[in-house]
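Enquirer: I'd like to go over a predicted model; first the sequence, then the structure.
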Amino acid sequence: MLNSKIKQLHSRLNSLSFPHLIAKQSQLPFARSIRFGLLSLLPYYMLSTIVQILVAMATLLTPDSRFLTGSRLLVQFFLDNMPLAIWACIGTARAIRLQLPRAAIAASCIGFALIVQMVALLDDGWFHALLLPLSIFGPLGAVPLIDWLRDKRFCHVIARETSAGETVSEAINLIVPVLLTALVVFVLAQLLATGTALVTPHIHWSASTSPLLVAMQYCLFNSLLWEVGVHGYYALVPLLNHFQNLTTHLTDLNLNLFGPFVFIGGSGATLSLTAAVAIWSRNKKRKILAFASLIPAFFNVNELILFGLPIILNIRLLLPFILAPLVNLCISATLIHFHVITLAPITLPFNAPMIFNAWLSASPGIGAVGLQLALVLLDTLIYMPFVKSWDSQRITDLAMQLSSSTETAYLRGQEANQFTTTDPIPPQQNRWADGTRLKKNSRRMKDAEIEMYYQPQVLPKNSKTVACEALIRLVLPTGEALSPLEFLEDMAHANLSHELDLWVVTKVCEQMRRWEQLPESNLIVSINITAATLSMPAMVEKIAQHISHFPGRIVMEITEQAIVVHGTESEQSIKTLRAAGAHIHLDDFGTGYSSLAYLSRLPIDGIKIDRSFVHMLDDQKGRVVFQALCKLANKLKLDVIVEGIETDWQLSQLPTDLIIVVQGWYYSPALSPEQLAGYLVQDR
């Protein structure tokens, strides 16, 4: 008993570990919205990156061409309008979560961004340096405010519930909330700008400070600011100017130090990060992103990797993101101090290509290029353990993110449903009704999180828990767990049942790994699998890969409907799952069309007798039928699970000469993993 309690305490302490807490916080709705929004910006970043590369090459080849002047304006246009794009994308992500029309919210967020940019143009302080972080965090507050205001009666312009013009009425009813939110955005932006303007005149730089110390400060703050989404270059222009003033009359250090030798590939020396991800990451999406980012990184353009992985708000990569440029600075400054290389007095554009910039910015050129390549290699080794550590968290992240990805796909389906079901033509009225139901359900459950609960399955002869069934619960912020019946119906309506099944299997396998060192280590877990999933061989193969790590410890419960609707495909899927080590139980046995035929035809390991037969125990004929089912299964050497046992009398009606496992509130409701651990300790 003491050992089991110590193991439980150790498990709970592990769940409070720093990496686990980081992973959990990264799955909060606001963090999901940031990631989703930034990833949506990848096409914009790629287009901007290509333009910057072309301009950098044109600068070197035809520095006086007319085309170059226009291209530079285009680059500046892309950079200046990046906050608008970020506002729109993150606002859209929040709109998906809050069930707001995405197009209307995206347009509104662009308007909010323009308001903030107007305030920045009129500001004399550092407010312009905050445009990027405001574009990231602004929608997280503005869009929920719109959602809150739209439910207020005073914001309603016309009636909302009309089948003929719901899209129109919803858009019109957003006008007042958007206007009020715009006013709030303007006031807050003005207050922030006023604050920065008051602080700016009081910031002074010492003329006696060491240039190397100023450069180290610039490296440190640049990385830290980018980590939270602040454009380090714009925010630290005064510090960079101070460094330039300090080095005006010196020949050993100048601005050529940063592009070729410190920020190789951009802030954080991200050329090495892209190399580390491309070489060592086992995540295919990250590797593809890294390869796509390699060429831009040669031109010190790193927005693709900054926002794509992302680096922003990614605490797992914070340390190497800070450390790599500082290491580069110290090594380069040391070699310059001892005159191994000497910086040239010319000023190169920051986007000059790698190797070429090193060759021109220092002498001897071959030594400068060798130093640059050595620093890239060293920085890649600095990033390597952090990339590998990040990969080691991918299973946990997948299980935690799947509720998000399932939710996102589900909400997209609902929004598409809403768009198509507002057709005023009478034949569309049924689809409109379905869309309304989905919308109401999703609004009611939008703050709920999908979690796994486990209901014990007990052997009555000794009251020992031998297995449990994995059940989905929707958990509200208050901690209340809701039955997911309507949610499951809506998932089926949106053709997402197979995604949910895969998420459940992933989540259960993750939990079973955590149980390996605890008393629950030998517990068998039953998982329900839908007919839709059984009809998809590729999805069944994915599920089989997960459960193959726990042979004999997972039971897949299938319904008769799955066999009736998808006969041949379901039978093949059953064989695939059994080959992976799973037992197969027929769920809701006795409620279908030809249950007895399946017992002889299919490789079934057990049956779960439906609770409707338990309710029939009050009747003499019902008791006879119930006991006959149990004895038939026993003769066929099948496991028997009876669900729905709630009273002593119902339990007493079970055949005492047969091995029957009971599941029901008589022993326990569905429990969270933590509650189940406590239950099993008492059980032992």
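Expert: Right, received. Where do you want to start? Numbering: from 1, shown residues only.
Enquirer: low-confidence stretches in the stretch 301-450 of the chain?
Expert: Applying pLDDT under 70 to the stretch 301-450 of the chain picks out residues 346-349, 392-448.
Enquirer: could you pull out the helices for it?
Expert: 303-308, 318-337, 356-361, 365-392, 394-421, 429-444 (DSSP state H, counting those that start in this stretch).
Enquirer: kindly report the same for the stretch 1-150 of the chain.
Expert: 2-15, 18-25, 29-40, 42-61, 66-80, 82-98, 102-121, 131-150.
Enquirer: packing partners of the fifth one?
Expert: Think helix 66-80. helix 42-61 (3 or more CB pairs under 8 Å, 6 or more residues apart in numbering; DSSP states H and E). C-beta coordinates here come from the backbone N, C-alpha and C atoms, glycine included.
Enquirer: now the last one
Expert: For helix 131-150, the elements it packs on are helix 29-40, helix 82-98, helix 102-121, helix 175-199, judged by 3+ CB pairs under 8 Å, 6+ apart.
Enquirer: quick check: next helix or strand after it?
Expert: helix 166-172 (DSSP states H and E).
Enquirer: how many residues are close by residue 561?
Expert: Look at residue 561: counted by other CB atoms under 10 Å, it has 17 neighbours.
Enquirer: number the chain from 16, please
Expert: Understood, numbering begins at 16; the last thing we discussed is residue 576.
Enquirer: would you check that it makes contact with residue 544?
Expert: No: applying CB atoms under 8 Å as the test, residue 576 and residue 544 come out as separate, 11.7 Å apart.
Enquirer: out of the helices and strands packed on helix 146-165, which comes closest to residue 62?
Expert: Proximity to residue 62 (CB to CB) singles out helix 97-113 among the helices and strands packed on helix 146-165, at 10.4 Å.
Enquirer: isn't residue 544 right up against residue 570?
Expert: No: at 10.3 Å, residue 544 and residue 570 do not qualify as touching, with contact defined as CB under 8 Å.
Enquirer: run through the stretch 566-699 of the chain and note the low-pLDDT ranges.
Expert: Within the stretch 566-699 of the chain, the ranges that satisfy pLDDT under 70 run 579-582, 605-615, 698-699.
Enquirer: for it, which segments count as helices?
Expert: Counting by DSSP H, counting those that start in this stretch, the helices of the stretch 566-699 of the chain are 575-580, 582-594, 610-616, 626-630, 635-650, 663-667, 688-698.
Enquirer: between those helices, which gets nearest to residue 274?
Expert: The nearest among these, by CB to CB, is helix 688-698 at 51.1 Å.
Enquirer: may I have the closest one as CSV, with CA atoms only?
Expert: Extracted in CSV, the C-alpha atoms of helix 688-698 (Å, rounded to 0.1, in the frame of the first residue of the first chain):
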residue,chain,number,x,y,z
PRO,A,688,-7.0,9.0,-14.5
GLU,A,689,-6.2,10.5,-11.1
GLN,A,690,-9.5,9.4,-9.5
LEU,A,691,-9.0,5.9,-11.0
ALA,A,692,-5.6,5.6,-9.4
GLY,A,693,-7.1,6.4,-6.0
TYR,A,694,-9.9,3.9,-6.6
LEU,A,695,-7.5,1.1,-7.5
VAL,A,696,-5.5,1.8,-4.4
GLN,A,697,-8.6,1.3,-2.3
ASP,A,698,-9.5,-1.7,-4.4
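Enquirer: how about the helices and strands packed on helix 146-165, which one is nearest residue 293?
Expert: That would be helix 44-55 among these, by CB to CB, at 18.5 Å.
Enquirer: using TSV, lay out the helices and strands packed on helix 146-165 together with distance to residue 234 and mean pLDDT.
Expert: Output for these, formatted as TSV (distance: least, CB to CB, whole Å; pLDDT from 0 to 100):
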stretch	distance to residue 234	mean pLDDT
helix 44-55	24	68
helix 97-113	23	86
helix 117-136	26	90
helix 190-214	23	88
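Enquirer: now, of these, which is deepest in the fold?
Expert: Highest mean neighbour count among the helices and strands packed on helix 146-165 (mean count of other CB atoms under 10 Å): helix 97-113, with a mean of 25.
Enquirer: counting contacts, what elements does that helix pack onto?
Expert: Applying 3+ CB pairs under 8 Å, 6+ apart, we find helix 97-113 packed against helix 44-55, helix 57-76, helix 117-136, helix 146-165, helix 409-436.
Enquirer: what residues does stretch 590-602 touch?
Expert: 539, 541, 543, 552, 555-556, 558-560, 562-563, 565-575, 589, 610, 613-614, 617-623, 654, 656 (CB atoms under 8 Å, 6 or more residues apart in numbering).
Enquirer: how about 6 Å then?
Expert: Outside stretch 590-602, the residues within contact range by CB atoms under 6 Å, 6 or more residues apart in numbering are 555, 559, 562-563, 566-567, 569-572, 574, 589, 618-623.
Enquirer: just the buried subset of the residues you listed, please.
Expert: 555, 559, 562, 569-572, 574, 589, 619, 621-623 (16 or more other CB atoms under 10 Å).
Enquirer: close enough to count as contact, residue 143 and residue 135?
Expert: Yes: if you go by CB atoms under 6 Å, residue 143 and residue 135 touch, sitting 4.5 Å apart.
Enquirer: on that earlier part again, can you put the buried ones among the contacts of stretch 590-602 in CSV and add distance to residue 667?
Expert: Output for the buried ones among the contacts of stretch 590-602, formatted as CSV (distance: CB to CB, whole Å):
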residue, distance to residue 667
555, 41
559, 40
562, 36
569, 31
570, 26
571, 31
572, 26
574, 29
589, 35
619, 28
621, 23
622, 21
623, 20
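Enquirer: residues in contact with residue 321?
Expert: So residue 321 contacts nothing (CB under 6 Å, 6+ apart).
Enquirer: now with 7 Å, please.
Expert: Applying CB atoms under 7 Å, 6 or more residues apart in numbering, we find residue 321 in contact with 241, 327.
Enquirer: relative to residue 257, how far out is it?
Expert: With distances taken as CB to CB, to the nearest Å, residue 321 is found 25 Å from residue 257.
Enquirer: before we move on, what about residue 546?
Expert: Residue 546 is 68 Å from residue 257, by CB to CB.
Enquirer: and what of residue 337?
Expert: Distance, residue 337 to residue 257, using CB to CB: 21 Å.
Enquirer: and residue 551, by the same measure?
Expert: For residue 551, the distance to residue 257 (CB to CB) stands at 62 Å.
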